[in-house]
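In: sequence and predicted structure are below.
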Amino acid sequence: MAQPPILSLEGIALQQGGKWLFGGPDHEPLNLHVGPRDRIALIGRNGVGKTTLFRMIDGQVETDAGERKIKPGTRIVVLEQDPDLTGHATLMDWALAGAGAPQEHEVDAIAGQLGIDMTRATEGASGGEKRRAAIARALAQDPDLLLMDEPTNHLDLGAIDWLEGWLERYKGAFLVISHDRTFLKRLTRATLWLDRGILRRKEVGFGGYEAWEEQVYAEEARAADKLDAKLKLEAHWLERGVTARRKRNQGRLEKLYQMREQRASMITAGGTAKLQLATEASFKSKSVIVADGISKSYGERTIIKPFSLRIQRGDRIGIVGANGAGKTTLLNMLTGELEPDSGSVEIAKTLTGVMIDQQRQLLTADKTVRQVLAEGGDWIDVRGNRKHVQAYLKDFLFDPKIVDMKVSVLSGGERSRLLLAREFAKASNLLVLDEPTNDLDLETLDLLQEVIADYEGTVLIVSHDRDFLDRTVTITLGLDGTGRVDVVAGGYEDWQRKRRQTIASKAKADKSGGKAPSTPPPPPPPPATPAKLSYKDQRDLELLPARIEELESAIAKGEAILSDPTLYTADPQRFANISQGIENARAEKDAAEERWLELAEQAGA
């Protein structure tokens, strides 16, 4: 480490619930050093102790052995996943309470950028409002070391972009627990992997984590071959399952890309919202939801402009947009939960759905896992097939031994995973998932992608998780806040690419005095007197979208190479060079996108 650490944990051992979480007779003591400019991803399955590690770093948890050292004057701030706002009338009252609280004007400055009213009452505040208030409180304290636990949960895409920009400019160090792969890839430069009481560190950002993980598991598998069959079964079923799952997911991604190409051919010219083949009766026969000219307004505000969509059996539809753009309104109209102001929605009579929404209540705490899944028995009906409850638990990455544990002892992420296991067992041909990735770890996200890919019915997903959408959906419905719904064959990045092309095309048309192409204009209206661009600026405006696509392609190719689990062992220098190349490409891409947006605004787009 180039500079002395600002915080160290040395020789740490901790016992919880009668077992050793770190150190003790089963593991080496835990050691951790954090430098003044570290950007670290903390990775690990739900329940392995990531949040406990944060609390040890912050000094909230006293260890059984070892020492915590901190550089004098270092301010550590924790952005908690679920802060307790009890006893505070408003969000600002909560933000200004406690030792080390920031000044009100400092909180207001950040809250204004995040678009959160801190005079909002804590009672009744939404998850997104509480998350923004927590971010404003944490950042306003000017931390030297920022500990973030799932910072993007409940945030919309605009807020996530703002937070990423702030962290890129941040001069201190941070550790982050997150399931948001895009967030982690853009920001982190080192990875801590907490697994079965062992904390490993690698000086590579999250982009290189999966290849590193595969290498470690491969080495463990070779060592496990020397153990007896029972030990291999007990200690390595999960690790081998994860490795096999990743390999299967590569094939599923190829299938997803093929489905997107087929769906792209069904989108009419100009990118309008009708997805249909004019003369194919077979296409109509496969339709499960047909929306024709539906719209919705509340008072004078238009939420959804007239919109048509034909959803086929097997489609995976992603719905994205800022909070308040109308995502849930659109979802409710498509599923028949809300009547449109105009138009009609026809839903196939055979459609039976399962919905998991972001406001899902936690499972009854005093019930056992067996009671939740199998009503206290040994067998569970999984979409018409009888399966032993312990075998089904393994399918959802649980140790089968937890079958008789109370729900109350599970972590928040484990409870969410258990709820998914229960809901996915139900027979259905429509899955409706509203922010399904909140509180899930990365391996559970891989599993969720696998379940969705293998699902024979239709899937509707509302999510702010960009990587999850890119890996899962065949069609994206993008809401820009004006009431318009863009229909794109592909995921989140495909929608963003289309928006960039549309804005650039309109800016070029405005400059030349011609008409914009048939693709619809973006939401922000042009100013009354558009600013004139210099020749260089105009060239950048026209050429940057192509450069951004080149960089995206280079990043994707580099990540594909790093996914080879043998690369690090066979050629560590090449692994390091490619990892650095990816980081450089990401930095250039981010800078190019920021400059292009500035130029587009100046040009009147």
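Out: Looks like it came in fine.
In: show me the helices in the stretch 51-200 of the chain, by range?
Out: Ranges of helices in the stretch 51-200 of the chain, per DSSP state H, counting those that start in this stretch, are 91-95, 104-114, 127-140, 157-169, 181-187.
In: to T482, which of these lies closest?
Out: helix 157-169 (14.2 Å; C-beta to C-beta). The C-beta positions use only the backbone N, C-alpha and C, and glycine is treated the same way.
In: need the helices of the stretch 51-200 of the chain in a markdown table with mean neighbour count, mean pLDDT and distance to I12, can you?
Out: Shown next, in a markdown table, are the helices of the stretch 51-200 of the chain (neighbours: other C-beta atoms under 10 Å; pLDDT from 0 to 100; distance: least, C-beta to C-beta, whole Å):
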| stretch | mean neighbour count | mean pLDDT | distance to I12 |
| --- | --- | --- | --- |
| helix 91-95 | 22 | 96 | 31 |
| helix 104-114 | 17 | 93 | 33 |
| helix 127-140 | 23 | 93 | 25 |
| helix 157-169 | 16 | 92 | 27 |
| helix 181-187 | 21 | 94 | 25 |
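In: closest to L79 out of those helices?
Out: Of the helices of the stretch 51-200 of the chain, nearest to L79 by C-beta to C-beta is helix 127-140, at 4.3 Å.
In: wait, E450 sits on R252?
Out: Yes - E450 is within contact range of R252, at 7.1 Å (criterion: C-beta atoms under 8 Å).
In: before we move on, the earlier item: can you tell which of the helices of the stretch 51-200 of the chain is closest to G321?
Out: helix 157-169 (7.4 Å).
In: related to what we said a few turns ago, the helices of the stretch 51-200 of the chain: which one's closest to W596?
Out: helix 157-169 (13.9 Å).
In: and that closest one, what does it pack against?
Out: Other helices and strands packing on helix 157-169, by 3 or more C-beta pairs under 8 Å, 6 or more residues apart in numbering; DSSP states H and E, are helix 104-114, helix 127-140, helix 181-187.
In: grab the nearest non-local neighbour of E346.
Out: V290 (4.5 Å; C-beta to C-beta, 6 or more residues apart in numbering).
In: whoops, V288 was the one
Out: Nearest to V288 is A348, by C-beta to C-beta, 6+ apart, at 4.4 Å.
In: count of residues packed around the one you found?
Out: 16 (other C-beta atoms under 10 Å).
In: which residues are in contact with it?
Out: S287, V288, I289 (C-beta atoms under 8 Å, 6 or more residues apart in numbering).
In: report the separation between it and G457.
Out: Distance of A348 to G457, computed by C-beta to C-beta, to the nearest Å: 11 Å.
In: got it, and R196?
Out: R196 sits 36 Å away from G457, going by C-beta to C-beta.
In: of the two, which one has the most company?
Out: G457 (18 against 12).
In: leaving out sequence neighbours, find the closest residue to the more buried one.
Out: Closest to G457 by C-beta to C-beta, 6+ apart is N429, at 3.6 Å.
In: likewise I475?
Out: I317 (5.2 Å).
In: now that neighbour, what's its secondary structure?
Out: strand (DSSP: H, G, I helix; E, B strand; the rest coil).
In: is it in a bridge, and if so with what?
Out: I317 has these beta-bridge partners by DSSP bridges: L460, I475.
In: how near is it to G483?
Out: In terms of C-beta to C-beta, I317 sits 19 Å off from G483.
In: report all helices and strands that the helix or strand hosting N332 contacts.
Out: Per DSSP states H and E: N332 is located in helix 327-334. Under the contact criterion of 3+ C-beta pairs under 8 Å, 6+ apart, helix 327-334 touches strand 287-298, strand 301-312, strand 316-321, strand 430-434, strand 458-462, strand 475-479.
In: out of those, nearest to D540?
Out: strand 475-479 (25.1 Å).
In: who's in contact with the spatially closest residue to S344 that is not a sequence neighbour?
Out: Closest residue to S344 apart from its sequence neighbours, by C-beta to C-beta, 6+ apart: D292 at 5.3 Å. The neighbourhood of D292, defined by C-beta under 8 Å, 6+ apart, consists of S308, G343, S344, V345, E346.
In: filter those residues down to the buried ones.
Out: S308, G343, V345 (16 or more other C-beta atoms under 10 Å).
In: can you put these in TSV and add distance to E80 and pLDDT?
Out: Formatted as TSV, the buried ones among the contacts of D292 follow (distance: C-beta to C-beta, whole Å; pLDDT from 0 to 100):
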residue	distance to E80	pLDDT
S308	44	93
G343	44	95
V345	41	95
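In: which neighbouring elements make contact with the strand or helix carrying Q580?
Out: For Q580, the element it lies in under DSSP H and E is helix 572-602. Judged by 3+ C-beta pairs under 8 Å, 6+ apart, helix 572-602 is in contact with helix 181-187, helix 492-512, helix 535-562, helix 567-570.
In: off-centre distance for the second one?
Out: Just to be clear, that refers to helix 492-512. 25 Å (C-alpha atoms, centre = their mean, to the nearest Å).
In: next one: the longest one
Out: Computed by C-alpha atoms, centre = their mean, the separation of helix 535-562 from the middle of its chain amounts to 23 Å.
In: buried ones in that helix?
Out: 537-538, 540-542, 544-545, 548, 551-552, 554-555, 558-559, 562.
In: now the angle from that helix to helix 492-512?
Out: With axes from the mean of the first three to the mean of the last three C-alpha atoms, to 10 degrees as the basis, helix 535-562 and helix 492-512 are set at 170 degrees to each other.
In: remind me what helix 535-562 packs against, helices and strands.
Out: helix 492-512, helix 572-602.
In: now those in JSON lines, with mean neighbour count?
Out: Converted to JSON lines, the helices and strands packed on helix 535-562 look like this (neighbours: other C-beta atoms under 10 Å):
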{"stretch": "helix 492-512", "mean neighbour count": "19"}
{"stretch": "helix 572-602", "mean neighbour count": "17"}
